[in-house]
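*Asks:* heads up, no residue letters with this:
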Ligand code: SF4
Ligand code: SF4
């Protein structure tokens, strides 16, 4: 669009400034277009407000590229010398198994999806009898051509196996899935929902046995949803916990980092965000280990390639522009709230009182000490080990003890609340 907010091509307008407001898509920054006295540059994630299409020393970009997934039916890219995303982080452990490209033992491509009848992972909806009746079991969707090739009839029980595991599923033979011709050979696709598994009687295995593992917190992944299962009164319970930095009001990671490099960890006075800066590169490995073990929630991670120590920064660059943290804004169910600390604590207490009618063990996790406050519906012992600080025994040394004596009073800062 031009600086007055008029689309260059009105026939393909995504968004336009009309009569003092934006019409069409919702802009990230709500301010007027650039020609207006209150206008600003639009790219809010960059300090200068401009777009960037490339930067020096990058192995990917500047333009979007097609890459094959790490498990692919081909060994060469049809129009590039780079088969897979060069940014892909390969991790190795007993659980991180990947088939090599075009592995003849695993020639079929699997895609997974959710179902209208079952919400996301299905944890809630799989126990609703009418929904379970509508979609009762794990199934595997396949083309008539693949079914014929493997001698499978619609409704047969089949085993789907890959390098990571195997599951049993019911065959659903459908013409909506078609075989592909890829580099002169036939490649079959199958589809499986990820909404079933284990806790609901007779609904069968979980497709998650086949999908690759998800990495732990790392320099490229500031938030992970941790999953804990426990047995109570002969019933299996699942608890999920979106783990990230809690932005402690008196951050032990900063106390510890200050012993090694002043300014490596800073705390923004206005928002309370605890931010790891470029200076973390200067902290020794011993210093990093001290920071990590001082954190009651085991959050800091170091990138071995750059030496940077990193974690969630509360989307500080967004928050100072009056925007919500990206995860709060993107959450489709509104499970997170963001605002002034007093407002969030009030909201948290209200929600806690409400939930305790059905979940008498519900608690707020360390609300007096952190800015990111979680509401747990179960006792902390039934969540992952670092869900609350009281499960943590800090390796207190003299330096930490002395620095704690000089701590300022707790300040009132912004808070995120997870409900
Ligand atoms: S949660 Fe850990 S990394 Fe985050 S501010 Fe607190 S001590 Fe630092
Ligand atoms: S606040 Fe921002 S940096 Fe932190 S977890 Fe959410 S999206 Fe990531």
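*Replies:* Cool, got the structure. None of these values were measured; they are calculated from a predicted model. Ligands and ions are numbered 1, 2, ... in the order given.
*Asks:* so where's the protein uncertain?
*Replies:* Applying pLDDT under 70 to the chain flags the ranges 55, 198-201, 214, 390-419.
*Asks:* what parts of it come near ligand 2?
*Replies:* Contact residues, the chain versus ligand 2 (CB under 6 Å from any ligand atom): 222, 223, 244, 312, 313, 314, 315, 325, 326, 327. Backbone N, C-alpha and C define where each C-beta goes, glycine included.
*Asks:* now the fifth one: how far from residue 319?
*Replies:* When distance is defined by CB to CB, to the nearest Å, residue 313 is 9 Å away from residue 319.
*Asks:* now the last one
*Replies:* Applying CB to CB, one obtains 12 Å for the distance of residue 327 from residue 319.
*Asks:* what parts of the stretch 201-350 of the chain come near ligand 1?
*Replies:* 245-248, 251-253, 274, 295, 297, 299-300, 311.
*Asks:* can we see that at 8 Å?
*Replies:* Within the stretch 201-350 of the chain, the positions adjacent to ligand 1 are 245-248, 251-254, 265, 274, 276, 291, 294-300, 311-312 by CB under 8 Å from any ligand atom.
*Asks:* now, these that are in helices?
*Replies:* Mapping those onto helices (DSSP state H) picks out 252, 253, 254, 291, 294.
*Asks:* out of the residues you listed, which is most surrounded?
*Replies:* Counting neighbours by other CB atoms under 10 Å, the top entry in these is residue 291, with 27 neighbours.
*Asks:* ok, now which ones touch that residue?
*Replies:* Counting by CB atoms under 8 Å, 6 or more residues apart in numbering, residue 291 touches 253, 256, 257, 265, 283, 300, 309.
*Asks:* ok, 6 Å please
*Replies:* Shown in contact with residue 291 (CB atoms under 6 Å, 6 or more residues apart in numbering): 253, 256, 257, 300.
*Asks:* can you map out the helices along this protein?
*Replies:* 129-134, 144-150, 252-258, 285-294, 316-319, 326-330, 341-355, 398-405.
*Asks:* and these, which is most packed in?
*Replies:* Mean neighbour count (mean count of other CB atoms under 10 Å) peaks for helix 252-258 among the helices of the chain, with a mean of 22.
*Asks:* what about residue 47, how many residues nearby?
*Replies:* Close neighbours of residue 47, defined as other CB under 10 Å, add up to 8.
*Asks:* just give the nearest non-adjacent residue to it, would you?
*Replies:* residue 317 (7.2 Å; CB to CB, 6 or more residues apart in numbering).
*Asks:* how close does residue 292 sit to residue 174?
*Replies:* 50 Å.
*Asks:* do residue 168 as well
*Replies:* From residue 168 to residue 174 the distance is 19 Å (CB to CB).
*Asks:* without its sequence neighbours, what residue ends up closest to the closest residue to ligand 1 within the stretch 301-419 of the chain?
*Replies:* Per CB to the nearest ligand atom, residue 311 is where the stretch 301-419 of the chain lies closest to ligand 1, at 5.2 Å. Spatially, and ignoring its direct neighbours in sequence, residue 311 is nearest to residue 245 (4.5 Å; CB to CB, 6+ apart).
*Asks:* okay, now the one you found: neighbour count?
*Replies:* The number of residues packed near residue 245 is 26, by other CB under 10 Å.
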